[in-house]
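**Q** quick one: sequence plus predicted model below, questions after.
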There are 4 protein chains.
Amino acid sequence: MADSRLNIPPFAQSCLQVTGNVWFAAQTHPFVQALADGSLPVENFRFYQMQDARYLEAFTDACSIISARCVQPDDKLWFIDAAKLALVVERQLHTEYGKQLGYDATDIAQLTLTPNNLAYQNHMLVTCHRGALLEAIAVLTPCPWLYTELGQRLQTQLGSPSDDHPYVNWLRTYADDGFVAYTNTLLAYLEAAAQESGEQTRQRAQQAFLTSVRYEWMFWQQAWTMQPWPV
Amino acid sequence: MADSRLNIPPFAQSCLQVTGNVWFAAQTHPFVQALADGSLPVENFRFYQMQDARYLEAFTDACSIISARCVQPDDKLWFIDAAKLALVVERQLHTEYGKQLGYDATDIAQLTLTPNNLAYQNHMLVTCHRGALLEAIAVLTPCPWLYTELGQRLQTQLGSPSDDHPYVNWLRTYADDGFVAYTNTLLAYLEAAAQESGEQTRQRAQQAFLTSVRYEWMFWQQAWTMQPWPV
Amino acid sequence: MADSRLNIPPFAQSCLQVTGNVWFAAQTHPFVQALADGSLPVENFRFYQMQDARYLEAFTDACSIISARCVQPDDKLWFIDAAKLALVVERQLHTEYGKQLGYDATDIAQLTLTPNNLAYQNHMLVTCHRGALLEAIAVLTPCPWLYTELGQRLQTQLGSPSDDHPYVNWLRTYADDGFVAYTNTLLAYLEAAAQESGEQTRQRAQQAFLTSVRYEWMFWQQAWTMQPWPV
Amino acid sequence: MADSRLNIPPFAQSCLQVTGNVWFAAQTHPFVQALADGSLPVENFRFYQMQDARYLEAFTDACSIISARCVQPDDKLWFIDAAKLALVVERQLHTEYGKQLGYDATDIAQLTLTPNNLAYQNHMLVTCHRGALLEAIAVLTPCPWLYTELGQRLQTQLGSPSDDHPYVNWLRTYADDGFVAYTNTLLAYLEAAAQESGEQTRQRAQQAFLTSVRYEWMFWQQAWTMQPWPV
């Protein structure tokens, strides 16, 4: 049975403290506010969805790499399922939006990644390849955690979005209890890895977490500004 | 609809030629013959299944690593599914045997890998980590290909195994059409990667393939001799 | 005997074409022009040197990872030497500047990487970890190639910098013949890897090269603007 | 000033205890005894040297991979130097033997690795790629530690080898004080990584260490028996 509340273990709490007000900034970026009140121009939402589809491919890869580093088969399986979830379920979501918004898989494949998106993806992947396992899990955590909290907060503030809200599907996805359960499991993995780690590794993981939260803000920002490359 | 025949593309053919008589030796190892005619002592089968369960964890990891190296999301997905198949479907098989043969997940986790099993796993994993993509796929291919061909050959030679054959489930698994389709897809990936590779890479991949076939023989051998570590 | 001219093999030429005017933009960034004419504020130079010291650590890592992926021991050795060169020789350069500009190894270690610097480093490292060997070499190439060409061009345009030019040491380093020989060898490795690669891999490598050139421009830019994190 | 005595920190001690009598077995393998008393047939020594040359390439790669995972530049540098030492200094040694024993770099490159040698190399490389840093250092440690201890023990037992001992150069190399200092530094890195690791990681590292010690015995064994592949 899915839990409807986030459980934040001690190490995740410490990560949150390190982020200072960056966490709140990422939660309240103008893009999010416009998404929530329905005023977000559809071009920005389309831009966001297409970039996000590619981001999720990197999230999939990060989960696959972590799976291959886990020792216990149950843990391998959880991260494989997470890899597949990012790829399949979210692509399904994107396919549906794709029909509405006018893009398909080929458009996604040919998309030029924005600087902020590419930077976020590479931050995750490098850390998963060569960081300690704690750092690897830490770079992944902000995305689902922040979205879960956001989904819940928006529902509390605004109530369940009405069927004619332009972004109703998006808002419902991240307020879903299944998504809370998923995030809670990931947070538990983070805690378990922290238990196996010394102080230096924990500090690096907190910094890696902070960087991911910064990139969450910058991900909204790239969609908000339809960020081009400077050259 | 699953294809019931193996399709062997040119590069896979060239790999087969490089193996010389090692491929045939792996197909006709005394362990296999005893498995087919039902004379294999149950202790050897139990030993084999337990070691195989751990081998499949490494096969899972190899698929996960390859998935994270693929560029196209469809390819990522196929290798994630292959990773999960190795872990879930095969563990299901092992769980069933486990009840019959008296072992559970904890026994598997605490098992000492035999020298041949460990060497095979590490050969796959190193190649997936740092070899060219062609080499990575080449080290994976012998296992499903050899088992598919074996399953088909035994069925042709011996007919469908009767329900009271001591190893009927095992024999049926690898003669299954779904397994043929899976192997055909893997062989097609091997071919596609070969098309993208120069002659030096192709030669290294053929050698890596040969080494995996040798390890297939050595895997039967470790179960046949219940191989201990020499020290 | 070191060659004093860059030799640009065909694949490197094709990479250059893909960059369009980004290559020229990176060569003529205001930071570079101010560095060359001596008008660059010392604070910007200091900022640049400190960030560059950390960039070189990542360059070292990229060379180490490539070394471990090379097959021939002579190639392994060349990339190990390149790894060490980036770390030792360049740190020596930085140490000297450090005394002048007031920073030491601890300051470097505690430095917050700018967004552009971190993004560039991670682009290199991810590609070295999971890209084809051609892509791995392609992400590394722009840095020494661009600096070599820049060093030579500035010397041609401005003549040898006088001893009282504020950035004389920096300018002389990259105009040095030994540096040309190094870049020529790297370009030859790029060509050899291209010979072993199919069209899709070559296209990905060209794009990876282009991204590195963009990051070269963005590296000047982060030092020019003393780039903060947006949150 | 090089230290002439090995300093064994607590975690290394614990690794030694886990090896039980395997450590002693590796120190007293018939190959070693015959090497020490000069009765070893030159064909076996030649076989050993050629396989060892290839082993050292893998040791180099392991050091390079670890270097790219270290955080501090001083640590990166030490492992790069270790990578280069394995490749250059040891190849120099092998080149000298090569002239005496009749093989050159091409023969080394074309050599078929024995099963035991390949297995040892892959054990090191897989662990360096995906294990915790402690495990990565642990798989590397037995080789230099065991050789250092062996070099010292033989010198104590047999005195300095006379100039006409057939394997005098080999014996002197590993009794050298510089080699002791190198091993002491590696053991200190092992200890530092252990301090940053939890109990599960430490246990896995001890097992990885044990496996390397087993492979040390098996490395002597492959040279003693001129091990062929079974198929």
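**A** Now that the structure is in, tell me what you want to look at.
**Q** what about residue A:130, how many neighbours?
**A** 21 (other CB atoms under 10 Å in any protein chain shown). Heads up, the C-betas are built off the backbone N, CA and C, glycines and all.
**Q** I figured residue A:61 hits residue B:68, correct?
**A** Yes. Counting by CB atoms under 8 Å, residue A:61 touches residue B:68, with 4.0 Å between them.
**Q** what is in contact with those two at once?
**A** A:125, B:76 (CB atoms under 8 Å, 6 or more residues apart in numbering or on different chains).
**Q** can you pull the buried residues of the longest helix anywhere in chain A?
**A** Determined from DSSP state H, the single longest helix within chain A is helix A:42-69. Going by neighbour count (16 or more other CB atoms under 10 Å in any protein chain shown), the buried part of helix A:42-69 is A:44-69.
**Q** and the next helix or strand past that helix?
**A** Next along the chain after helix A:42-69, taking DSSP states H and E as the criterion, comes helix A:73-84.
**Q** same for that following helix, what does it pack against?
**A** With contacts defined as 3 or more CB pairs under 8 Å, 6 or more residues apart in numbering or on different chains; DSSP states H and E, helix A:73-84 has these neighbours: helix A:42-69, helix A:177-195, helix B:42-69, helix B:73-84.
**Q** let me see the contact set for residue A:37.
**A** residue A:158.
**Q** specify the angle between the longest helix of chain A and helix A:73-84 in degrees.
**A** Calculated by axes from the mean of the first three to the mean of the last three CA atoms, to 10 degrees, helix A:42-69 forms an angle of 160 degrees with helix A:73-84.
**Q** quick one: helix A:42-69 near chain D?
**A** Yes. Counting by CB under 8 Å from any CB of the partner chain, chain D has neighbours in helix A:42-69: A:68, A:69.
**Q** what mean pLDDT does that helix have?
**A** The pLDDT scores in helix A:42-69 average 97.
**Q** again, but for stretch A:130-139
**A** Across stretch A:130-139, the average pLDDT comes to 98.
**Q** name the residues that touch that stretch?
**A** Counting by CB under 8 Å, 6+ apart, A:15, A:62, A:65-66, A:69-70, A:123-124, A:127-128, A:186, A:189-190, A:193-194, A:196-197, A:201-202, A:204-206, A:208-209, A:211-212, C:125, C:129, D:68-69, D:132-133 sit against stretch A:130-139.
**Q** next: stretch A:13-32.
**A** Here stretch A:13-32 has contacts from A:8, A:40, A:44, A:48, A:138, A:141-142, A:146, A:149-150, A:153, A:190, A:202, A:205-207, A:209-210, A:213-214, A:216-217, A:220-221, A:223-224, C:231, using CB under 8 Å, 6+ apart.
**Q** circling back: need the helices and strands packed on helix A:73-84 in JSON lines with distance to residue D:80, can you?
**A** Compiled in JSON lines, the helices and strands packed on helix A:73-84 are given as follows (distance: least, CB to CB, whole Å):
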{"stretch": "helix A:42-69", "distance to residue D:80": "24"}
{"stretch": "helix A:177-195", "distance to residue D:80": "28"}
{"stretch": "helix B:42-69", "distance to residue D:80": "25"}
{"stretch": "helix B:73-84", "distance to residue D:80": "33"}
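**Q** quick check: residues of chain A near chain B?
**A** Residues of chain A lying near chain B (CB under 8 Å from any CB): A:57, A:60-62, A:64-65, A:67-68, A:72-73, A:76-77, A:80-81, A:83-84, A:87-88, A:91, A:105, A:109, A:125.
**Q** how about 10 Å then?
**A** Residues of chain A lying near chain B by CB under 10 Å from any CB of the partner chain: A:53-54, A:56-58, A:60-74, A:76-77, A:79-81, A:83-84, A:86-88, A:91, A:105, A:108-109, A:125, A:128-129.
**Q** may I have the phi/psi pair for residue A:70?
**A** The phi and psi values for residue A:70, taken as degrees, to the nearest 10, are phi -70, psi 150.
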